[in-house]
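1. curious how this folds, go ahead:
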Amino acid sequence: MIPIRNVTLLSITVILALLGQSCASKSGSLIGQDLTGQEERISAPAIKEIPPDDTLLTSSRTSPSMKSELAARNATGLNSGVLPDILFEFDQDVVQGDALHVVESNAQRLQQDKVTQLLLEGRGDDIGTSAYNLVLGERRAKSVKSYLRQLGLSIDVTTTSYGKDRPLCFEHTSECRQKNRSVHWITK
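-> Predicted structure coming up:
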């Protein structure tokens with residue numbers, strides 16, 4: 001009598017052998033076939049990685065007409081006495097350092113001007129995916145909103161995020177990226 005273990009191993013071996021023959025005949029194997037009149041198959045050349053062109057990375061990829069439209073839409077009153085933006089470090093969403101003083105100063109100005117509604121626009125730089133920067137911009141705006149609440153500012157504050165899709169600065173420099181890692185204030 002054959003032990004059950006040997007029967008199981010034998011069964012598995014037979015099944016695998018049959019499957020192997022079945023797969024080989026269906027996968028396009030040419031073993032044992034007449035190749036006269038058949039097309040010759042040529043393998044495609046390997047795709048080589050092309051190094052990035054540095055000129056594309058340092059210059060702006062936004063057309064001049066799009067730049068002017070975005071500048072008009074995004075920079076509502078920049079440099080004309082509006083509330084200064086809150087700047088963030090790379091990949092950070094916590095208000096800290098000099099940004100704390102800017103938020104406090106902006107909050108005082110909002111109270112003095114009796115502003116009742118505020119929109120905080122979170123943004124990110126051009127590094128990373130659009131989806132990631134949208135989330136990061138939202139976290140930045142909510143962080144500023146939270147700090148305003150801690151300061152006791154009781155106005156209607158809404159937040160939005162443009163990520164990297166509506167930059168305030170269009171050049172691909174470290175200074176410009178810093179400007180885009182921000183929360184922009186729009187009073188209503």
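2. for the rest of this, base every contact and every neighbour count on C-alpha atoms.
-> OK.
3. test my guess that residue 124 contacts residue 164.
-> Yes - counting by Cα atoms under 8 Å, residue 124 touches residue 164, with 4.9 Å between them.
4. residue 120: neighbour count?
-> 25 (other Cα atoms under 10 Å).
5. ditto for the one 4 residues further on
-> When neighbours are counted by other Cα under 10 Å, residue 124 registers 35.
6. got a list of what it touches?
-> By Cα atoms under 8 Å, 6 or more residues apart in numbering, residue 124 lies in contact with 133-134, 136-137, 162-164, 167, 177, 180-182.
7. so which of those is the closest to residue 113?
-> residue 182 (22.9 Å; Cα to Cα).
8. and the closest one, its phi and psi?
-> With angles defined as degrees, to the nearest 10, residue 182 sits at phi -150, psi 170.
9. in strands only, show me the contacts of residue 124.
-> Among the contacts of residue 124, the members falling in strands are 162-163, 182 (criterion: DSSP state E).
10. sort these by pLDDT and name the bottom one.
-> Sorting the ones in strands among the contacts of residue 124 by pLDDT puts residue 163 at the bottom of the list (93).
11. tell me the bridge partners for it.
-> With DSSP bridges applied, residue 163 shows beta-bridge pairing to residue 123.
12. packing partners of the host helix or strand of residue 107?
-> Residue 107 is part of helix 98-112 when elements are defined by DSSP states H and E. The contact analysis (3 or more Cα pairs under 8 Å, 6 or more residues apart in numbering; DSSP states H and E) places helix 98-112 against strand 86-87, helix 130-150.
13. just the ones you listed: most buried one?
-> Most buried of these by mean neighbour count (mean count of other Cα atoms under 10 Å) is strand 86-87; its value is a mean of 25.
14. direction included, what does that strand pair up with?
-> When DSSP bridges is applied, strand 86-87 pairs with strand 182-187 (antiparallel).
15. returning to that earlier point: how about the helix holding residue 107: buried residues?
-> Applying a neighbour-count criterion of 16 or more other Cα atoms under 10 Å, one finds 99-100, 102-103, 106-107, 110 buried in helix 98-112.
16. need the residues you listed in a markdown table (columns: pLDDT).
-> Shown next, in a markdown table, are these (pLDDT from 0 to 100):
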| residue | pLDDT |
| --- | --- |
| 99 | 95 |
| 100 | 96 |
| 102 | 96 |
| 103 | 97 |
| 106 | 97 |
| 107 | 96 |
| 110 | 95 |
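17. ok, the residues you listed vs residue 152, which is closest?
-> Ranked by distance to residue 152 (Cα to Cα), the buried residues of helix 98-112 are led by residue 107 at 9.1 Å.
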